[in-house]
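In: okay, sequence plus prediction incoming.
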Amino acid sequence: MSKWQQFFVLPMTFCLFFAVCPAYCTDYYVATDGNDLDTGTDIDHPFLTIPHAVSVVAAGETIYVRGGTYTYTGSNPIISLPAKSGTSETNRCSLMGYNGERPLLDFSAMTGTGADGIKITGSYWYVKGIDIKGAPRIGININGGNYCIIEFCSAYENRNTGVQVQNNSAHNKIINCDSYYNRDSTDKNSDGFSPKTNVGTGNYFYGCRSWQNSDDGYDGYLTGTDDVNTTYENCWCFKNGYLKDGSASQGNGNGFKMGGNYLKHNVIYKNCLSFNNRVKGFDQNHDLGSITIYNCTSFSNGSYNYSITDTPASGKTVTLINDVNFTGSKNLGSFVVQTTDNWLSGFTTTSADFVSIDTNGLDGPRKTDGSLPDITFMHLAAGSDLIDGGTDVNLPYNGPAPDLGAFEYLPGPGDCHPDGHIDLLDLKCLADNWLNAGCGNCNGADFNGDHAVNFSDYAIMANNWLE
């Protein structure tokens with residue numbers, strides 16, 4: 001084969017081998033100063049509108065949206081993401097902010113009540129790094145799409161729910177997204193995130209925040225489907241049931257609403273945090289499916305931090321393990337399996353168990369990768385009896401046993417026996433794990449994170465001795 005032939009053949013082979021784009025591997029750009037009559041295929045000749053880019057994009061290609069505000073008017077639906085023949089994880093269509101730039105899609109000037117900001121009816125779409133404001137209805141609506149990913153997006157001040165999953169949409173992932181200040185005309189029907197009504201199964205929420213929505217933070221109410229599964233991990237919700245100005249709404253005001261309508265929404269909560277919601281932190285709401293709540297923290301919600309009173313359907317179970325209830329009450333039926341939760345015998349919980357119970361700032365900026373901000377709120381303080389007091393539920397933990405609540409205690413460098421002091425107890429802990437290798441956290445003795453216990457860890461302990 002000549003070098004000239006290789007010039008054409010090798011790039012084509014690369015595309016086909018990885019199956020990540022069609023033959024010409026084309027990506028498109030959209031910018032506020034673009035032109036839909038332009039090529040759109042390079043950053044210097046972008047399209048003006050996202051709908052035009054969607055009309056030409058093919059499976060495996062990406063639409064990059066430059067930063068700036070994109071203002072929409074009129075009454076018709078604007079951005080629809082239909083099927084584009086993407087049929088696998090490696091053959092997605094993507095719509096994302098370009099290189100860390102943050103595009104805002106502002107629908108506040110639109111009239112009517114029927115238009116969603118972004119409506120996804122196709123499968124395997126990936127939407128990342130985009131803000132959606134003021135849609136007449138739902139900010140982002142996954143409506144029939146499967147295996148889609150929504151990452152590092154925010155939906156706020158929409159006139160119904162911020163992010164909704166419905167119409168048998170299944171196996172979608174909502175990752176590191178925020179939904180807040182969503183408010184409908186009645187002040188009672190807008191949720192932050194809603195895998196609800198006729199939602200499909202296998203949807204997953206990770207690292208999301210929901211606050212000050214007129215109804216609930218996360219709403220799993222069912223009408224058209226039954227016996228579906230949804231998982232929430234490392235998600236926060238707070239001040240739902242209040243409006244942007246801080247006044248009470250007319251909505252339910254719950255944090256995590258599990259289900260409803262006496263149908264079976266099987267829900268799993270892991271390391272989730274719910275606080276200062278107007279009514280309930282975790283609300284069963286007549287969900288008859290299986291409910292699993294592991295290592296969650298519920299604090300200072302209006303009526304109950306945990307409310308689960310309806311006996312589940314035959315074959316379904318309700319299990320709470322390693323959970324924290326503080327500054328508030330709970331209402332749990334006798335059928336609820338409870339293990340090493342802080343309200344059970346053996347634990348005494350006061351504000352001294354936590355580094356901070358100050359709720360200010362939890363709506364602050366995310367990290368540049370979209371992950372949740374570092375906080376001290378409801379993190380366990382050294383010496384708390386909630387440290388190492390839990391049961392192993394196959395979640396990561398430090399020390400000899402899991403802690404209770406949403407945040408695992410991380411001892412300071414050298415504090416192998418986590419009590420807030422570095423002394424002979426820590427030296428014994430280090431000796432007990434000496435020269436271990438490939439040992440994960442090495443029972444807290446791996447201070448430098450190399451999964452081994454050796455002289456490097458000893459040096460770290462020595463440098464912090466008796467602190």
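Out: In hand now; what should we look at? Residues are numbered from 1 along each chain as shown.
In: correct me if wrong: Gly202 contacts Ser169.
Out: No: in this structure Gly202 lies outside contact range of Ser169 using Cβ atoms under 8 Å: 9.8 Å. All C-beta spots, glycine's among them, are computed from the backbone N, C-alpha and C.
In: buried sites along stretch 394-402?
Out: Residues of stretch 394-402 classed as buried: Tyr397, Asn398, Gly399, Pro402 (neighbour count, 16 or more other Cβ atoms under 10 Å).
In: any idea how far the spatially closest residue to the last one that is not a sequence neighbour is from Tyr147?
Out: Nearest non-adjacent residue to Pro402, counting by Cβ to Cβ, 6 or more residues apart in numbering: Gly390, 3.6 Å away. From Gly390 across to Tyr147, the span is 34 Å (Cβ to Cβ, to the nearest Å).
In: between Gly202 and Ser169, who's got more neighbours?
Out: Counted by other Cβ atoms under 10 Å, Gly202 and Ser169 do not tie: Ser169 has more neighbours, with 26 against 16.
In: thinking again about what came up before, neighbour count for Gly390 and Tyr147, which is higher?
Out: Each of Gly390 and Tyr147 has its neighbours counted (other Cβ under 10 Å); Gly390 has more, 24 against 19.
In: restrict stretch 178-188 to CA atoms and write it as CSV.
Out: Output of stretch 178-188 as CSV, limited to C-alpha atoms (Å, rounded to 0.1, in the frame of the first residue of the first chain):
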residue,chain,number,x,y,z
ASP,A,178,-28.6,20.6,39.7
SER,A,179,-32.4,21.5,39.6
TYR,A,180,-33.7,24.4,41.6
TYR,A,181,-36.2,27.3,41.8
ASN,A,182,-38.6,25.4,39.5
ARG,A,183,-42.1,26.8,40.0
ASP,A,184,-45.4,26.2,38.2
SER,A,185,-48.4,28.6,38.0
THR,A,186,-50.1,26.9,41.0
ASP,A,187,-46.9,26.8,43.1
LYS,A,188,-47.4,23.1,43.8
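In: what lies in contact with that stretch?
Out: Stretch 178-188 is contacted from outside by 113, 139, 153-163, 190-193, 208-215, 243-244, 249-252, 363, 366, using Cβ atoms under 8 Å, 6 or more residues apart in numbering.
In: average pLDDT for that stretch, rounded please.
Out: When pLDDT is averaged along stretch 178-188, the result is 97.
In: in that stretch, what's buried?
Out: Using 16+ other Cβ under 10 Å as the test for burial, stretch 178-188 gives Asp178, Ser179, Tyr180, Tyr181, Asn182, Arg183, Asp184, Asp187.
In: before we move on, the earlier item: return the subset of the contacts of stretch 178-188 lying in strands.
Out: Counting by DSSP state E, those place Ser154, Ala155, Tyr156, Val163, Phe193, Arg209, Ser210, Trp211 in strands.
In: need the residues you listed in CSV with distance to Asn322 and neighbour count, can you?
Out: Below are these laid out as CSV (distance: Cβ to Cβ, whole Å; neighbours: other Cβ atoms under 10 Å):
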residue, distance to Asn322, neighbour count
Ser154, 30, 22
Ala155, 31, 33
Tyr156, 32, 21
Val163, 28, 31
Phe193, 24, 34
Arg209, 22, 24
Ser210, 23, 32
Trp211, 25, 25
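In: of all those, which two lie farthest apart?
Out: Maximum pairwise distance among the ones in strands among the contacts of stretch 178-188 (Cβ to Cβ): 13.4 Å, between Val163 and Trp211.
In: sorry, back to before: out of the ones in strands among the contacts of stretch 178-188, which comes closest to Gly444?
Out: Using Cβ to Cβ, Arg209 comes nearest to Gly444 of these, at 29.4 Å.
In: show me where the chain has helices.
Out: Assigned by DSSP state H, the helices in the chain fall at 3-18, 50-56, 424-432, 455-463.
In: on that earlier part again, what's the closest of the buried residues of stretch 394-402 to Asn261?
Out: Within the set of these, Pro402 lies nearest Asn261; the separation is 34.3 Å, counting by Cβ to Cβ.
In: the closest one reaches Asp392, doesn't it?
Out: Yes: between Pro402 and Asp392 there is a contact at 6.0 Å, judged by Cβ under 8 Å.
In: circling back to that earlier point, could you dump the buried residues of stretch 394-402 to TSV with distance to Val267 and pLDDT?
Out: Formatted as TSV, the buried residues of stretch 394-402 follow (distance: Cβ to Cβ, whole Å; pLDDT from 0 to 100):
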residue	distance to Val267	pLDDT
Tyr397	22	90
Asn398	27	84
Gly399	28	82
Pro402	21	96
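In: hey, what's in contact with both of Val163 and Trp211?
Out: With contacts defined as Cβ under 8 Å, 6+ apart, the residues adjacent to both Val163 and Trp211 are Gly192.
In: neighbours of Ala381, just the number please.
Out: 16.
In: so who does it touch?
Out: Ala352, Asp353, Phe354, Val355, Gly420.
In: quick one, which of these are buried?
Out: With burial judged by 16+ other Cβ under 10 Å, the buried subset of the contacts of Ala381 is Asp353, Phe354, Val355.
In: now tell me which of these the prediction trusts least.
Out: Val355 (92).
In: that one contacts Thr376, correct?
Out: Yes: applying Cβ under 8 Å, one finds Val355 in contact with Thr376, separated by 4.2 Å.
In: can you select the buried ones among the contacts of stretch 178-188 for me in ChimeraX?
Out: A single ChimeraX command selects the buried members of the contacts of stretch 178-188 (16+ other Cβ under 10 Å):
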select :139,153,154,155,156,157,158,159,160,161,162,163,190,191,192,193,208,209,210,211,212,213,214,215,243,249,251,252,366
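In: the nearest residue to Ile79 once chain neighbours are set aside: what's it in contact with?
Out: Once flanking residues are discounted, Ile79 sits nearest to Ile118: 4.8 Å by Cβ to Cβ, 6+ apart. The contact partners of Ile118, by Cβ under 8 Å, 6+ apart, come to Ile79, Ser80, Leu81, Leu105, Val127, Ile130, Ile132, Gly139, Ile140, Asn141.
In: beta partners for Ile118?
Out: For Ile118, the beta-bridge assignment (DSSP bridges) gives partners Ile79, Ile140.
In: from Ile63, how far out is it?
Out: Separation of Ile118 from Ile63 (Cβ to Cβ) stands at 12 Å.
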